[in-house]
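Chemist: would you be able to build a 3D model of this:
(2 chains)
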Amino acid sequence: MDTTQVLKGVLDTAVLAALSDERTYGYDLVRRLREAGLDEVGEASVYGTLRRLFNNGHLTSEIVPSEEGPARRYYGLNASGRELLERSAKTWKHFSSVMSDLLKEVA
Amino acid sequence: MKIDVTLSRAAVEYLEAVRSGLRDLDEEDREAILSELEEHLGELGSQDPTEALGDAGAFVSEFRHSAGIVSRPGLFRRTAMKGRRTLHRVAEHPAAAPWHRHRSDLRIVWVWTRGWIAMSAIWWLGTHWPGGQISFLIPWGRFLGWGSAMAGLATVASVWVDGRRSDRRWRHLDIVATAATVVLALFALLNPVWIDDPWSEGSQVLQTVPEVSNVYAYDREGNPVEVLLYDQNGRPFDVNPDPGSVSFDGAMFYDWWGPVRYRVDRYGAPVTNLYPLERMDDSRQTVPPPRVGLPDFGAAESTPTTTDSTPTTVGDGSSSSTDDTTVSTVGQESTTTAEEEQATTTVAGG
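Modeler: So this is what the prediction gives:
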């Protein structure tokens, strides 16, 4: 199965989930997603997703000076983003449950 | 706010490539995206950006897809879309409703008309191209053959292209050809060139199909008369389409048709609108006048049907005027009566 295609369908939810605990910047977000197991996630996809979610009013954005290097643009969830994350989580859990049932005898 | 980062040369080049790929975006949006990428490249340090992020073009493509940024259509597509929207608005206007029933018929008319316009536009180009000597919008008369052939070709091509509109490439060609045709036609309509312009500065060319090489005139009794022909503006009528090409070998003039013995005025200049012309055939024999059928004016009038004499005298003459052509009869006797002056003069081309 092509995980890239699956990833495209769930990247919004993955990005929202990764930002739910604390706000972060693009480079760190990519690292977090990869550490979580989404090895094939691409930087361009993450930045594009951040841009779209921000333009759609689901994220906050702020440039924060850094002591270690250059200033960074941090993203965080706002109320709209949290609401979207909850809906997406429900959809994913239902989908995941259905797929698990369908595939339980395969494994 | 700009994020200041020190980048390697490779990173700067990568950033510029991405900037180029996003040049159609709003500047503020583009710079916001680039500043974030710049920050990311700064985090990569000395790592090669292409190895880390992939090819710049692929990065732009993936970014656009994820961000939901649709490429801005090119000028051609934007113009076509705008034109389509305008046409749609016009078509949806209540005043256009009665025409909807005839839409398919109108399309056929449009396709054929477009072909004709294209032909006319090409014709017009012919007059404005260096050395061009053909006229616009009246490709008939002298150019009936060429005009008909071009009109046929243009309309067939128009119909042929129209039948392939389902193919995107042909649809584009159709749109481009139509736009070019309309532009050319507008230019041409603003700069018409009429059929007589290429040849005659001071005289009018008397031409029909088949081409006229001579003119014979008779009075109502059927007597041949010499006439000087002029148009409604007083310009001499000349059957030679290119008076400037007439040559003279010391004894005989040669025009487009062949040898001709022009009568000359008192200063020795040939009078080219004095008819009938004395034309010679290949064996230098005078070409006889044609047999003509003259109208029957009734029992009281004579109704001659043939003539075979050619007048040669040039002198002062009286004149009468038809609708658009002034006919001066030459060599009439001074005993001409009032009735004779009112008589109709019959003119025959040959």
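Chemist: only C-alpha atoms for contact and neighbour calcs from this point on.
Modeler: Will do.
Chemist: how about stretch A:25-32 and chain B, touching?
Modeler: Yes. Using CA under 8 Å from any CA of the partner chain, stretch A:25-32 reaches chain B at A:Gly26, A:Tyr27.
Chemist: any idea how far that stretch is from the middle of the chain?
Modeler: 10 Å (CA atoms, centre = their mean, to the nearest Å).
Chemist: and for stretch A:46-53?
Modeler: Computed by CA atoms, centre = their mean, the chain-centroid distance of stretch A:46-53 equals 9 Å.
Chemist: now that stretch: mean pLDDT?
Modeler: If you average the pLDDT over stretch A:46-53, you get 94.
Chemist: what does stretch B:6-18 give?
Modeler: Here the average pLDDT along stretch B:6-18 is 87.
Chemist: got it, and stretch B:176-184?
Modeler: 72.
Chemist: for that stretch, buried residues please.
Modeler: B:Ala177, B:Thr178, B:Thr181, B:Val182, B:Leu184 (16 or more other CA atoms under 10 Å in any protein chain shown).
Chemist: mind putting those into a markdown table with distance to chain A and secondary structure?
Modeler: Conversion of these to a markdown table gives the following (distance: CA to the nearest CA, whole Å; DSSP: H, G, I helix; E, B strand; the rest coil):
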| residue | distance to chain A | secondary structure |
| --- | --- | --- |
| B:Ala177 | 40 | helix |
| B:Thr178 | 40 | helix |
| B:Thr181 | 44 | helix |
| B:Val182 | 43 | helix |
| B:Leu184 | 46 | helix |
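Chemist: residues in chain A within reach of chain B, list them.
Modeler: Residues of chain A lying near chain B (CA under 8 Å from any CA): A:26-27, A:42-52, A:63, A:70-73.
Chemist: filter those to the buried ones?
Modeler: Buried by 16+ other CA under 10 Å: A:26-27, A:42-52, A:70-73, out of the residues of chain A next to chain B.
Chemist: in helices only, show me these.
Modeler: Residues of those located in helices (DSSP state H): A:Gly26, A:Tyr27, A:Glu43, A:Ala44, A:Ser45, A:Val46, A:Tyr47, A:Gly48, A:Thr49, A:Leu50, A:Arg51, A:Arg52.
Chemist: wait, the first one sits on A:Ile63?
Modeler: No. Because the distance of 11.6 Å does not satisfy CA atoms under 8 Å, A:Gly26 is recorded as not touching A:Ile63.
Chemist: who touches both of those two?
Modeler: Common neighbours of A:Gly26 and A:Ile63 are listed as A:Arg73, A:Tyr74 (criterion: CA atoms under 8 Å, 6 or more residues apart in numbering or on different chains).
Chemist: briefly note if the helix or strand where B:Glu16 lies comes near chain A.
Modeler: Using DSSP states H and E, B:Glu16 sits within helix B:9-21. No. Judged by CA under 8 Å from any CA, helix B:9-21 stays clear of chain A, getting no closer than 10.9 Å.
Chemist: strands of the chain, start to end?
Modeler: In the absence of a named chain, this looks at chain A. Counting by DSSP state E, one finds strands in chain A at the ranges A:24-25, A:59-64, A:72-77.
Chemist: looking at chain B here, not the other one
Modeler: With strands called from DSSP E, chain B shows them at B:204-205, B:215-218, B:224-230, B:237-238, B:247-248, B:253-254, B:259-261, B:274-275, B:278-279, B:319-321, B:326-330, B:346-349.
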